[in-house]
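Asks: Provide a 3D model corresponding to the input given below.
(chains A and B)
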Number of protein chains: 2
Amino acid sequence: MGKRDIPDIVIQRLPVYLQALNQLLREGRGIVSSAELGHLVDVSAAQIRKDLSNFGGFGKQGSGYNVISLIENLRAILNLNQIWPVVVVGVGSLGQALLRYQGFSRKGFEIVLACDNNPDLIGTSISGIQISDIRNLEADLGRLNIQMAILTVPAGCAQTVTDMLVSYGIKAILNYAPLVVKVPNNVHVINIDPVVKLQTLTYYLNSED
Amino acid sequence: MGKRDIPDIVIQRLPVYLQALNQLLREGRGIVSSAELGHLVDVSAAQIRKDLSNFGGFGKQGSGYNVISLIENLRAILNLNQIWPVVVVGVGSLGQALLRYQGFSRKGFEIVLACDNNPDLIGTSISGIQISDIRNLEADLGRLNIQMAILTVPAGCAQTVTDMLVSYGIKAILNYAPLVVKVPNNVHVINIDPVVKLQTLTYYLNSED
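Replies: Model (predicted):
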């Protein structure tokens, strides 16, 4: 089955299942039912079974999922059995916070490059990562064999920088800029603009409160 | 129709449509087809029409959507015609970056409170927001009538802090902690852990590259 044949929304749930399974593993659990896993991640048990059936199922009817085995399967499906080098493009306050965040390397993502066009930042280091001149981006990406970018530039230049990244071979972008960026079909973008997420939450709130 | 009757996934797409429509408006566009809007946000035209039909439709067959009118309808559906006060809980490097981010207030969200348990931070100010002692959280939330929280605490205390927030009346949480937090049915959480998003993207990458 081609990677494009499984809906993106299914793929987006797999890392959430993985996160919950890792929590269960830390709590010493060996087996989990689709009902319990579903309760943890706010997805129906039927949806979990359907999602996993895209990849073979991994559970026997009535006996639940083996936690370790399902973790291993999900890690393989998501290509997580390797370290992924990542570039952070745009080193403003958010980019700097991401460079300081310790959570990436523990989960298989290593920020190996950060770049900006601000001469005051270029050449300085944050968490051991030296900030490069964005004008050297093409050479840096090629040298470091990077496919993934975290985009933390202002909205005004987000599309221009995205076009650059795509032309230099970037295949996946985590986009913090408050803008829907356009990319070719072979490039994947996930938007992580916090305002968009807050705007989802307000739907559920009562204005009269 | 009750708010719980429309799937969360539909609600999550509405702010993305709104973002794209605002871009079109800035480009001077008056009318957009579901096909073009769909192309911008990587959703099928049929899905967009189906999503909007939950709320009445807003378009005439064959004539496209009026951009301004659809923006106004989506803003009303999402309760965006007011300023929402927000608390940032946990003022580490990510919390600090969010306090410095100018994008919230422009989009109707005002960070009116930030709190931490670090005595070196309490009493200092970032972007004009004084950091409060988390021990005063209950009184502060009540005084400021806050329903929304941005959670930027370490994973180890994320559930404890979430339980506190819920008991103090918080109804919506944007969770940056790398943990699935449990909340009652009347509280809504969106997880925005960047690692989970990166783990979705690696599915589409080729390990052999």
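Asks: mind listing the helices for chain A?
Replies: Residue ranges of the helices in chain A, as given by DSSP state H, are A:8-26, A:34-41, A:45-53, A:67-77, A:93-100, A:103-106, A:137-144, A:155-167, A:194-201.
Asks: between those helices, which has the poorest average model confidence?
Replies: Of all the helices of chain A, helix A:103-106 carries the lowest average pLDDT, namely a mean of 86.
Asks: In that helix, which residues are buried?
Replies: Using 16 or more other CB atoms under 10 Å in any protein chain shown as the test for burial, helix A:103-106 gives A:103-104. Heads up, the C-betas are built off the backbone N, CA and C, glycines and all.
Asks: Next, name the residue at the spatial heart of chain A.
Replies: For chain A, A:Leu174 is the residue whose C-alpha lies nearest the centre (CA atoms, centre = their mean; 6.4 Å).
Asks: if I look at it, how far off is B:Gln23?
Replies: Going from A:Leu174 to B:Gln23 by CB to CB, to the nearest Å gives 20 Å.
Asks: With A:Gln23 instead?
Replies: A:Gln23 is 38 Å from B:Gln23, by CB to CB.
Asks: Report the contact partners of the closest residue in space to A:Ala20 that isn't next to it in sequence.
Replies: When the adjacent residues along the chain are set aside, A:Ala20 lies closest to A:Leu40, with 4.4 Å between them (CB to CB, 6 or more residues apart in numbering or on different chains). A:Leu40 makes contacts with A:20, A:23-24, B:180, B:182, as judged by CB atoms under 8 Å, 6 or more residues apart in numbering or on different chains.
Asks: what do you get if the cut-off is 10 Å, keeping everything else the same?
Replies: A:Leu40 makes contact with A:16-17, A:19-21, A:23-24, A:32, B:180, B:182, according to CB atoms under 10 Å, 6 or more residues apart in numbering or on different chains.
Asks: Tell me the spacing between it and A:Arg26.
Replies: Separation of A:Leu40 from A:Arg26 (CB to CB): 13 Å.
Asks: same thing with A:His188?
Replies: Distance of A:His188 to A:Arg26, given as CB to CB: 30 Å.
Asks: Quickly run through the sheet partners of the longest strand seen in chain A, with directions.
Replies: Using DSSP state E, we find that the single longest strand of chain A is strand A:109-116. Using DSSP bridges, strand A:109-116 pairs in its sheet with strand A:84-89 (parallel), strand A:129-133 (parallel).
Asks: So what angle separates the directions of it and helix A:93-100?
Replies: Following axes from the mean of the first three to the mean of the last three CA atoms, to 10 degrees, one obtains 140 degrees for the angle between strand A:109-116 and helix A:93-100.
Asks: Buried residues, stretch A:41-54. List them.
Replies: For stretch A:41-54, a neighbour-count test (16+ other CB under 10 Å) marks A:41, A:43, A:48-49, A:51-52 as buried.
Asks: residues in contact with A:Val189?
Replies: A:149, A:151, A:162, A:166, A:172-175, A:180-183, B:42, B:201.
Asks: Now which of those would you call buried?
Replies: The neighbour-count test (16+ other CB under 10 Å) marks A:149, A:151, A:162, A:166, A:172-175, A:180-181, A:183, B:201 as buried among these.
Asks: In strands, which of those fall?
Replies: Among these, the ones falling in strands (DSSP E) are A:149, A:151, A:172-175.
Asks: Format these as a markdown table; extra columns: pLDDT.
Replies: A markdown table is the format used below for those (pLDDT from 0 to 100):
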| residue | pLDDT |
| --- | --- |
| A:Ala149 | 98 |
| A:Leu151 | 98 |
| A:Ala172 | 97 |
| A:Ile173 | 97 |
| A:Leu174 | 97 |
| A:Asn175 | 96 |
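Asks: Pick the one among those closest to chain B.
Replies: A:Ala172 (3.8 Å; CB to the nearest CB).
Asks: Pretty sure that closest one sits against A:Met148.
Replies: Yes: in this structure A:Ala172 lies within contact range of A:Met148 using CB atoms under 10 Å: 4.7 Å.
Asks: shared neighbours, these two?
Replies: A:84, A:86, A:165, A:188, B:198, B:201-202, B:205.
Asks: right, and A:Cys157 touches A:Asp116 too?
Replies: No: applying CB under 10 Å, one finds A:Cys157 not in contact with A:Asp116, separated by 11.3 Å.
Asks: which of the two has more neighbours?
Replies: Set A:Cys157 next to A:Asp116 and count neighbours by other CB atoms under 10 Å in any protein chain shown: A:Asp116 wins out with 22 against 17.
Asks: and the strands paired with strand A:109-116, which is most packed in?
Replies: Mean neighbours per residue, mean count of other CB atoms under 10 Å in any protein chain shown, is largest over the strands paired with strand A:109-116 for strand A:84-89, with a mean of 23.
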